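Visitor: Build me a model:
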Amino acid sequence: MPTKRHLLRACATAALVLTSGLAALPATAQDSNVFKIGLILPMTGQQATTGRQIEAAAKLYMAQNGDTVAGKKVQLIIKDDTSLPDVTRRLAQELVVNEKVNVLAGMGITPSAMATAPLATQSKTPLVVMAAATSSITEASPYVVRSSFTLPQVSVALADWAPKNGIKKVVTLVSDYGPGIDAEKYFNQRLTFNGGQVTEALRVPLRNPDFAPFLQKVRDGKPDALFVFVPSGAGAAVMKQFLERGLDKAGIKLIATGDVTDDDQLNDMGDGALGVVTSHHYSAAHPSPLNKKFVEAFEKANKGLRPNFMAVGGYDGMRVIYEALKTTKGTGGGDALLAAMKGQVFESPRGPVFIDAQTRDIVQNVYLRKVERVNGQL
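Guide: Coordinates of the predicted model:
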């Protein structure tokens, strides 16, 4: 059931220091015939599924909408940053200085987006964040536009639902970096406001996490539920160890952001995932006619791969870029493109969305979902 979310902003700001090599970057030059999109993604490593989904969605959008817009030949330049922020920053600089891209995009994780934001500001290059979800990212540069989501959006919806469904005492378990801290903070605040209690807040290392000792601690604490956030791709490991530790048999419910029941991995989780409740902005099972067409086209183009929430972030991000190019007719540089991205309103496979003109962040519905088996699939 959809819940219209209110845009939530993180109060903390981070000081971003430009290295001397970036301080004098020239503004992006425009080729008269080619419009270049530099898409930086984790194509290998722990977040490789994010890169695979966004790349596939971007290519699908281009296949459906053509590679010529406003008289410009659209060129997609894909780079693998392996989820290392230093690599992301280096690749972004090369794309701006050497390739003279018109737009930077992608950003699989928050540290990558934060590392690239100062470069976007200095070069006046729009940076379309298609994945990273820490709320403060759009504050890092006036050139950041987001087409994915934020963790406050999805965490608050679940904290509203839980107390109404008999869940009062909760332990939170999150990955220890920006999005996880966001999820922990906003879930805790809202659950407390609604009369519930977070009895313990656990943070797991982002790289090479071992959830088992944390889950044993949760079982010993006997809360009503465990609230989880882990990045896309890690949900199956959490689910497996949740069941192995017998938390389900101990009567502890698993509630989570939709990253855990990632469409890309859900069918591999088995019946142990049945009944898990999550909140998120997208599911491949979303019943709108537009989404059914999107899922069918995506699966056909990618050997049956089911699109996940990262895919829709990439697909809608390409739409934001294309529509801005149409509006500007390829003239005016980065500032004109940025202005044309702000305020866009459209129907997405996820539902109605718009890009808030003031914050440059996406505003959208959030859905509460329960895992069920339908036609043999989770």
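
Visitor: quick one: the nearest residue to residue 310 once chain neighbours are set aside and residue 347, what's the gap?
Guide: Excluding its sequence neighbours, the residue lying closest to residue 310 (C-beta to C-beta, 6 or more residues apart in numbering) is residue 53, at 4.2 Å. The way it works is simple: take the backbone N, C-alpha and C, and place the C-beta from them, glycine included. Distance from residue 53 to residue 347, counting by C-beta to C-beta, to the nearest Å: 21 Å.

Visitor: Likewise for residue 328?
Guide: Taking C-beta to C-beta, one finds residue 328 at 22 Å from residue 347.

Visitor: Neighbour count for the two, which is higher?
Guide: residue 328 (19 against 12; other C-beta atoms under 10 Å).

Visitor: check which helix or strand covers the closest residue to the more buried one other than its chain neighbours.
Guide: The shortest distance from residue 328 to any non-neighbouring residue, by C-beta to C-beta, 6+ apart, is to residue 336 (4.6 Å). According to DSSP states H and E, residue 336 maps onto helix 333-341.

Visitor: Next secondary structure element downstream of that helix?
Guide: Assigned by DSSP H and E, the successor of helix 333-341 is strand 345-348.

Visitor: hmm, back to that, mind telling me what element the residue nearest to residue 310 is part of?
Guide: helix 48-65.

Visitor: Kindly report the same for residue 254.
Guide: Under the assignment here (DSSP H and E), residue 254 is part of strand 253-257.

Visitor: Which residues does the very next helix or strand once past that strand contact?
Guide: Next helix or strand after strand 253-257 toward the C-terminus (DSSP H and E): strand 277-280. For strand 277-280, the surrounding residues in contact (C-beta atoms under 8 Å, 6 or more residues apart in numbering) are 149, 154-155, 157-158, 161, 253-261, 309, 366-371.

Visitor: Off-centre distance for strand 277-280?
Guide: 14 Å (C-alpha atoms, centre = their mean, to the nearest Å).

Visitor: tell me the mean pLDDT for that strand?
Guide: In this model, strand 277-280 has an average pLDDT of 95.

Visitor: Return the residues in contact with residue 189.
Guide: residue 159.

Visitor: Is it in a helix, a strand, or coil?
Guide: Classification of residue 189 using DSSP: H, G, I helix; E, B strand; the rest coil returns helix.

Visitor: Let me know the pLDDT of the spatially most central residue of the chain.
Guide: Ranked by distance to the mean C-alpha position of the chain (C-alpha atoms, centre = their mean), the top residue is residue 131 at 3.2 Å. Residue 131 is assigned 97 on the pLDDT scale.

Visitor: I figured it was touching residue 105, is that so?
Guide: No: between residue 131 and residue 105 there is no contact under C-beta atoms under 8 Å: 9.8 Å.

Visitor: For residue 101, give me phi and psi.
Guide: Backbone torsions for residue 101, taken as degrees, to the nearest 10, come to phi -70, psi 150.

Visitor: residues in contact with the nearest residue to residue 210 once chain neighbours are set aside?
Guide: Once flanking residues are discounted, residue 210 sits nearest to residue 204: 7.9 Å by C-beta to C-beta, 6+ apart. By C-beta under 8 Å, 6+ apart, the residues touching residue 204 are 173-176, 210-211, 214, 230.

Visitor: Determine which two of those are furthest apart.
Guide: Farthest-apart pair in those is 174 and 210; separation 14.9 Å (C-beta to C-beta).

Visitor: quick one: low-confidence ranges for this protein?
Guide: Low-confidence segments of the chain (pLDDT under 70): 1-31.

Visitor: What are the boundaries of the helices in it?
Guide: 48-65, 85-97, 110-123, 151-164, 178-193, 212-221, 235-244, 289-301, 309-328, 333-341 (DSSP state H).

Visitor: Buried by neighbour count: which residues of the second one qualify?
Guide: Pointing back at helix 85-97 there. 85, 87-93, 95-97 (16 or more other C-beta atoms under 10 Å).

Visitor: thinking again about what came up before, could you dump the helices of the chain into TSV with distance to residue 137 added?
Guide: Shown next, in TSV, are these (distance: least, C-beta to C-beta, whole Å):
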stretch	distance to residue 137
helix 48-65	15
helix 85-97	13
helix 110-123	5
helix 151-164	11
helix 178-193	8
helix 212-221	27
helix 235-244	22
helix 289-301	25
helix 309-328	13
helix 333-341	15
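
Visitor: Please name whichever of those is nearest to residue 33.
Guide: Using C-beta to C-beta, those put helix 309-328 closest to residue 33, at 13.1 Å.

Visitor: Measure how far the closest one is from the centre of its chain, please.
Guide: Distance of helix 309-328 from the chain centroid (C-alpha atoms, centre = their mean) equals 14 Å.

Visitor: Alpha carbons only: can I get that helix in CSV?
Guide: What follows is helix 309-328, C-alpha atoms only, in CSV (Å, rounded to 0.1, in the frame of the first residue of the first chain):
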residue,chain,number,x,y,z
PHE,A,309,15.2,-1.0,-7.7
MET,A,310,18.7,-0.1,-9.0
ALA,A,311,17.5,-0.8,-12.6
VAL,A,312,14.6,1.6,-12.2
GLY,A,313,17.0,4.3,-10.8
GLY,A,314,19.1,3.9,-13.9
TYR,A,315,16.1,3.8,-16.3
ASP,A,316,14.6,6.9,-14.8
GLY,A,317,18.0,8.6,-14.6
MET,A,318,18.3,8.2,-18.3
ARG,A,319,14.9,9.7,-18.8
VAL,A,320,15.8,12.7,-16.7
ILE,A,321,18.9,13.2,-18.9
TYR,A,322,17.1,12.7,-22.2
GLU,A,323,14.3,15.1,-21.3
ALA,A,324,16.8,17.8,-20.2
LEU,A,325,18.6,17.4,-23.6
LYS,A,326,15.3,17.8,-25.4
THR,A,327,14.5,20.9,-23.5
THR,A,328,17.9,22.6,-24.0
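
Visitor: Right, I'll call it a day here.
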